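A.B. asks: Have a look at this prediction, sequence included:
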Amino acid sequence: MERPPLYPLFLDLASKDVLVVGGGRVGLRKSRELLACGARVRVISPTFDPGFDDLSVTRIPRAWRPGDEGRARLVVAATDDPAVNRAVYANCSQQRILCNVVDVPTLCDFHAAAVAREGSVQIAIGTAGAAPSLASWARRRMQEWLSDGVAGLVDLFERLRGETRTTMEPGERESFWKSLDPDHLLEVFRSRGADACETEIRSLLSGRNETATPPGRVILVGAGPGHPDLITRMGLRALGRATALVHDRLVSKELLQSVPTSCEIHPVGKTGFGKSHRQEDINALLVELARKGHTVVRLKGGDSFVYGRGGEEIEACREAGVDVEVVPGLSSSLTVPAYAGIPITHRGLSRSFAVVSGFHADGTVARIPDAETVVIMMPLHSMKGVRNRFMEAGWKGSTPCAAIHSGTNPDQKVVFSTLDGIDTDLERSRMASPLIVVVGEVAGWAQAHPELAARLHTAPRGGLAG
Ligand SMILES: C[S@@+](CC[C@H](N)C(=O)[O-])C[C@H]1O[C@@H](n2cnc3c(N)ncnc32)[C@H](O)[C@@H]1O
């Protein structure tokens, strides 16, 4: 016969007695969960995991005995002795105390749910013990959803509902709150923030809808070095809210697919050499789209402020009175060497690093900073001049170098060399842009540890963004 479903409830355990039998890792985890809900926790066990040292539970250092449940509302049995667990359960059943024997569904009056929690909202997920790992997978999904505006919207409703208690009759109040469209308000909350959402609800409350053309804004998002999962969660969320996307050449196609299908897409790729969009035109486009009311995501490779001209775009928007937000990105200057297995600092080899550009719009050659590792961005047509600068600064020709093309992408290529040979090795390897050169002993260290880079390459593409 099919079992009836469990009755879901949220239990108030604040200052209530709870007993945990078993002081191992499972007992520790259960004690933590119960403490987090304000319970007074006693733990009975002959031995205790060292993790209990930091917990404010009452420890009873001996084996369990019938009657130990005392005034407990709940008992959790988590010993590694099935006979003890069964005895605890039988004893509790006699006393009508709810008991859970961890991982034994037949000896459970209640199941602990996987809980997504944010602010005052909790979503509890259970599979009646059938597939706890899937419950925690679902919990992670729900946690992302809650954190993405839902909990904030609940807080806003709570605050404004409090105000309407004094200004509206109960029936009128209930029908007003039911008449609101949560999907639309969540969209407003996500794309324009809590204040805009509050304004919209207030205007509905006062019978005036003043939200005809919402003001647009620009969000500068760093896309990371190329691998679509090397964007931040904040950046990915911004993409999900974009109504217009203005993106660079070095942005992965998987990320471009993360915007809503209705989003306008404007590619504005720039290269140091060859055909480029002028910066002034890009600035003007951002302002124009924002003025039309768009949530414009300006997506740039790496981080917007590392040779990314993000500052100029902010200035242009501010001058035009357009709001700008910045979502930092993982700059290729740090992540491309790391992904290729090159530690840009390493005990005994390098305690400092610097990032320089090989390409200078005015034709000058980079100055070599006083650092033990130097990362050269855009070195493609300037490596010979830059190498000479290293020599003038007193670096040895035998200093190890690594050139990395298209780091973190499937076509990543790494060539190891030395300062003496780097320009000819670059020519011979026909490496193209995007390219980074790392100069310093750490490049030699990476050459001696190829297994590191190989391990990193097993990270699959597109887990988050795909
Ligand atoms: C205009 S800069 C922009 C840098 C970007 N804002 C950042 O923080 O990574 C472009 C240069 O970054 C470097 N670059 C960016 N992505 C790269 C990648 N995946 N592999 C190697 N170099 C990369 C190259 O030197 C490229 O020419």
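C.D. replies: Noted; the coordinates are in hand. Predicted model, so just to flag it, every value in this text is computed and none were measured.

A.B. asks: so where's the chain uncertain?
C.D. replies: Residue ranges of the chain with pLDDT under 70: 1, 208-214, 270-275, 453-466.

A.B. asks: Domains in it, by residue range?
C.D. replies: Using automatic domain parsing, the domain parsing of the chain gives 17-112, 132-205, 217-330, 334-456.

A.B. asks: Of the ones you listed, which is nearest G126?
C.D. replies: Distance to G126, taken as Cβ to Cβ, is lowest for domain 17-112 among these, at 5.4 Å. Where you see a C-beta, it was placed from the backbone N, CA and C, and this is true even at glycine.

A.B. asks: start to end distance for that closest one?
C.D. replies: Distance across domain 17-112, first residue to last, is 17 Å (Cα to Cα, to the nearest Å).

A.B. asks: Can we start the residue count at 2 from this point?
C.D. replies: Right, with 2 as the first residue, what we last looked at is domain 18-113.

A.B. asks: where does that domain sit relative to the chain's centre, distance-wise?
C.D. replies: 35 Å (Cα atoms, centre = their mean, to the nearest Å).

A.B. asks: what's the answer for stretch 385-394, then?
C.D. replies: 40 Å.

A.B. asks: next one: stretch 342-360
C.D. replies: Stretch 342-360 has its average C-alpha position 26 Å from the chain's average C-alpha position, going by Cα atoms, centre = their mean.

A.B. asks: Put the alpha carbons of it into CSV.
C.D. replies: Backbone C-alpha positions of stretch 342-360 (Å, rounded to 0.1, in the frame of the first residue of the first chain) are rendered in CSV as follows:
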residue,chain,number,x,y,z
GLY,A,342,48.9,26.4,-13.6
ILE,A,343,51.2,29.4,-13.0
PRO,A,344,51.1,30.7,-9.5
ILE,A,345,51.9,34.4,-9.9
THR,A,346,53.3,34.5,-6.3
HIS,A,347,55.1,31.5,-4.9
ARG,A,348,57.0,31.2,-1.6
GLY,A,349,60.7,31.5,-2.3
LEU,A,350,60.3,32.5,-6.0
SER,A,351,58.0,35.6,-6.1
ARG,A,352,56.5,37.8,-3.4
SER,A,353,55.2,40.5,-5.7
PHE,A,354,53.6,40.9,-9.1
ALA,A,355,52.8,43.6,-11.5
VAL,A,356,50.6,43.9,-14.6
VAL,A,357,51.7,46.0,-17.6
SER,A,358,50.3,46.6,-21.1
GLY,A,359,52.5,45.9,-24.0
PHE,A,360,50.3,48.0,-26.2
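
A.B. asks: What are the buried residues along that stretch?
C.D. replies: Applying a neighbour-count criterion of 16 or more other Cβ atoms under 10 Å, the buried positions in stretch 342-360 are 342-345, 347, 350-351, 354-360.

A.B. asks: now stretch 82-98
C.D. replies: Neighbour counts using 16+ other Cβ under 10 Å place V85, N86, A88, V89, Y90, N92, C93, I98 of stretch 82-98 among the buried residues.

A.B. asks: nearest to E255, of these?
C.D. replies: Comparing those against E255 with Cβ to Cβ picks out N86 as the nearest, at 47.9 Å.

A.B. asks: correct me, but that closest one touches V105?
C.D. replies: Yes: taking contacts as Cβ atoms under 8 Å, N86 lies within contact range of V105: 6.6 Å.

A.B. asks: Which parts of the stretch 2-151 of the chain are helices?
C.D. replies: In the stretch 2-151 of the chain, the segments counted as helices under DSSP state H, counting those that start in this stretch are 26-37, 83-96, 133-146.

A.B. asks: same thing with the stretch 302-451 of the chain?
C.D. replies: Ranges of helices in the stretch 302-451 of the chain, per DSSP H, counting those that start in this stretch, are 311-320, 333-340, 384-393, 423-430, 442-449, 451-457.

A.B. asks: Appreciated, that's everything.
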